[in-house]
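K.L.:
all I have is the shape, not the residue letters:
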């Protein structure tokens, strides 16, 4: 009887030991997973703040050192972007890409023909239907898109369409003193063509502008009138050679973690180092 009891005790001890081993193994695994998640989150936070630092550097340092007029040209923007590629910062690095919002079409006031022509030029399928959907959404939501990313909420427009469209549209009026003006020194060819067609100008004018730029303010009106004889003169005022609203997109990496931030800001502040944020940093 005593031997049998001893056997029962041994079996119980073995079962309890096995249960404890399983529990302790699971606990160790859980602790390791939590430690790994914490480590990943720590690296993500580092990456995010590196991206924010990169945006601050572009906004408050690069704009202070560079000619603002030059940063309203393709060449000037490309030069700045090249200088902000793979910049080492702390434990990681960032790449900042500056964009001129003044070279894009404003989806809050663009006529449907302009929207349709841009979608056609950038090869969006069913561009007629999707242009109408963009206009319908605008009407149904108070006539305003608060961010260009809201194009993703429009029915009939899929995610791939949105990513294709983002470089060509904005929600900001960014020209100095002229609402709705388009900076011809940074506007892409599809955007230029769409607005020139809207104003009954020749398609060839868009190609001539791209070949000629950067164009100075003193030469702008004469150049358009000389090369676009059918162009309605009162529409010449729609075009400008400089804009004040910029966007900076920053991608950063730190120990395998990545982050992306966006910022839209106005460069026309009262002080050389002061910038007015139209929209503060937000994550992509």
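P.N.:
Happy to help now that I have it. On a predicted model such as this, the values are computed, not experimentally measured, just so you know.

K.L.:
show me where the stretch 101-250 of the chain has its strands.
P.N.:
Here the stretch 101-250 of the chain has its strands, by DSSP state E, counting those that start in this stretch, at 105-106, 169-170, 182-183, 239-240, 245-254.

K.L.:
what's the closest of those to residue 83?
P.N.:
The closest of these to residue 83 is strand 245-254. By CB to CB, the value is 13.0 Å. From N, CA and C alone the C-beta is placed, and that goes for glycine too.

K.L.:
spit out the contact partners of the residue most central in space within the chain.
P.N.:
Most central in the chain under CA atoms, centre = their mean is residue 249, positioned 5.4 Å from the mean C-alpha point. By CB atoms under 8 Å, 6 or more residues apart in numbering, residue 249 lies in contact with 96, 97, 99, 260, 261, 262, 284.

K.L.:
let me know the closest of these to residue 163.
P.N.:
Residue 163 has its nearest neighbour among the contacts of residue 249 in residue 284, at 10.9 Å by CB to CB.

K.L.:
report pLDDT for the residue lying closest to residue 257 once chain neighbours are set aside.
P.N.:
The spatially closest residue to residue 257, leaving aside those adjacent along the chain, is residue 43, at 3.7 Å (CB to CB, 6 or more residues apart in numbering). Residue 43 carries a pLDDT score of 89 in this model.

K.L.:
could you check how many residues crowd around residue 136?
P.N.:
If you count neighbours by other CB atoms under 10 Å, residue 136 ends up with 14.

K.L.:
nearest to residue 217 among the contacts of residue 249?
P.N.:
Within those, proximity to residue 217 (CB to CB) peaks at residue 99, which comes in at 21.5 Å.

K.L.:
helix, strand, or coil at the residue nearest to residue 81 when sequence neighbours are not counted?
P.N.:
Nearest non-adjacent residue to residue 81, counting by CB to CB, 6+ apart: residue 97, 5.4 Å away. Following DSSP: H, G, I helix; E, B strand; the rest coil, we place residue 97 in the strand state.

K.L.:
so the residue nearest to residue 276 when sequence neighbours are not counted bridges to which residues?
P.N.:
Computed as CB to CB, 6+ apart, the closest residue to residue 276 that is not its neighbour in sequence is residue 266, at 4.2 Å. In this entry, residue 266 is beta-bridged to residue 245, residue 276, by DSSP bridges.

K.L.:
my read: residue 266 touches residue 279, true?
P.N.:
No: under the criterion of CB atoms under 8 Å, residue 266 makes no contact with residue 279, lying 10.2 Å away.

K.L.:
what distance do you get for the closest residue to residue 224 other than its chain neighbours to residue 69?
P.N.:
Using CB to CB, 6+ apart and skipping the chain neighbours, the partner closest in space to residue 224 is residue 236 (5.3 Å). When CB to CB, to the nearest Å is applied, the distance between residue 236 and residue 69 equals 20 Å.

K.L.:
so which of those two has more stuff around it?
P.N.:
residue 236 (17 against 14).

K.L.:
enumerate every residue touching that one.
P.N.:
Shown in contact with residue 236 (CB under 8 Å, 6+ apart): 220, 221, 224, 225.

K.L.:
and the residue nearest to the centre of the chain, what are its bridge partners?
P.N.:
Under the criterion used (DSSP bridges), residue 249 bridges to residue 97, residue 262.

K.L.:
ok, the one 4 residues further on next?
P.N.:
According to DSSP bridges, the partner residues bridging residue 253 are residue 93, residue 258.
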